[in-house]
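Undergrad: Can you look at this prediction? I've put the sequence above it.
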Amino acid sequence: MNLILQPEHIRAVAPRNPDLQAVVDALRPVLERHGIDRSPERLGMFLAQWAHESEFLGVRENLNYSQASRICQTWPRRFPTVASAAPYAGNPQALANKVYNGRMGNTGPNDGWAYRGGGWPQLTGRDAYRAYGQRIGLDLEGNPNLILQASVSAQVCGLFWADRGLNAAADQGDMVTITQRINGGQNGAQDRLERYHRVIPLLRDQQAALASQEAIVHPNIPWKRLFVNNTEFDPTTARLEGDTITLPSGQHQVVKKTQVGEKLYVTTRTP
């Protein structure tokens with residue numbers, strides 16, 4: 001039984017994201033491909049981690065620090081004094097090249113900037129852009145801004161997760177290990193945990209309802225939200241009669257109905 005990712009799940013972990021459905025559409029095939037949608041714990045951990053990294057927004061790493069002291073706090077080894085960090089305050093491109101050049105495959109004078117953190121996974125370094133691009137069939141090395149596309153970010157997040165065996169850690173509820181393997185440390189650990197706690201009840205409720213395989217709509221539990229083939233429809237525009245459902249697009253044969261609280265999930269036969 002696979003869970004069905006919904007916009008409300010994205011809203012729980014990434015409330016600032018303006019296009020929840022686009023995130024859902026990009027993630028669903030990735031979740032199924034890597035077995036992430038097979039338990040609330042896997043899906044909850046996955047969503048919480050990547051939401052912390054980027055809110056599921058197509059953005060590049062913001063290195064525009066206005067205060068040199070903040071640069072020192074972020075990279076204490078590279079900037080042991082405020083004076084050493086001062087030239088990079090308000091100069092994000094120079095800062096990126098200072099902290100990222102000479103490692104992660106960055107060899108060109110502007111590679112640190114070109115291959116700074118990008119997309120949902122905040123992918124960093126020329127080596128990573130090249131490697132993941134080859135695996136998904138895109139030239140991310142030649143065009144690093146492709147990582148800002150939702151479908152590209154989703155694929156990279158899925159591969160990153162699978163490569164590190166994070167389903168097993170999620171099954172154990174091991175947030176510390178997952179954070180370590182994604183972040184390289186425990187930065188933002190509390191925020192990641194809080195996001196997980198917001199979404200996990202929703203996912204567990206859905207799992208329980210789907211597991212019961214309620215095949216009929218019970219009259220004592222009226223449904224208020226309608227999902228047909230994983231797309232939400234306005235219930236007032238639909239009419240469900242026996243094994244058929246009438247939508248604005250026409251009449252369709254129903255092959256399965258599952259009620260999850262006040263939500264009704266309908267699967268129709270493909271024409």
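TA: Sure thing, it's come through. Numbers count the residues shown, from 1 in each chain.

Undergrad: biggest helix in this structure by residues?
TA: helix 189-212 (DSSP state H).

Undergrad: so for it, what's the average pLDDT?
TA: Averaging pLDDT along helix 189-212 gives 90.

Undergrad: Run through the chain and note the low-pLDDT ranges.
TA: 1, 212-222, 261, 271 (pLDDT under 70).

Undergrad: can you give me the helices in it?
TA: Ranges of helices in the chain, per DSSP H, are 7-13, 20-33, 40-54, 68-74, 82-85, 92-100, 111-114, 126-136, 150-163, 166-171, 175-183, 189-212.

Undergrad: Surely Ile10 touches Leu20?
TA: Yes. If you go by C-beta atoms under 8 Å, Ile10 and Leu20 touch, sitting 4.5 Å apart. Where you see a C-beta, it was placed from the backbone N, CA and C, and this is true even at glycine.

Undergrad: and these two? which has more neighbours close in?
TA: More crowded of Ile10 and Leu20, by other C-beta atoms under 10 Å: Ile10, with 23 against 17.

Undergrad: Show the contacting residues for the more buried one.
TA: Counting by C-beta atoms under 8 Å, 6 or more residues apart in numbering, Ile10 touches Asn17, Leu20, Val23, Val24, Leu47, Ala51, Phe56.

Undergrad: 6 Å instead?
TA: Residues near Ile10 by C-beta atoms under 6 Å, 6 or more residues apart in numbering: Leu20, Val23.

Undergrad: State the distance from it to Thr177.
TA: Ile10 sits 24 Å away from Thr177, going by C-beta to C-beta, to the nearest Å.

Undergrad: do you know how far the nearest residue to Arg198 once chain neighbours are set aside is from Ile136?
TA: Distance criterion C-beta to C-beta, 6 or more residues apart in numbering; nearest residue to Arg198, sequence neighbours excluded, is Ala12 at 4.4 Å. Ala12 sits 27 Å away from Ile136, going by C-beta to C-beta.

Undergrad: per-domain residue ranges of the protein.
TA: 7-58+141-212, 62-116, 225-268 (automatic domain parsing).

Undergrad: Which of the ones you listed sits closest to Gln122?
TA: domain 7-58+141-212 (5.1 Å; C-beta to C-beta).

Undergrad: okay, Ala12 and Ile136: which has more neighbours?
TA: Between Ala12 and Ile136, counted using other C-beta under 10 Å, Ala12 has the larger neighbour count: 22 against 15.

Undergrad: quick one: contacts for Cys135?
TA: That one is not Cys; residue 135 is Arg. Contacts of Arg135 by C-beta under 6 Å, 6+ apart: none found.
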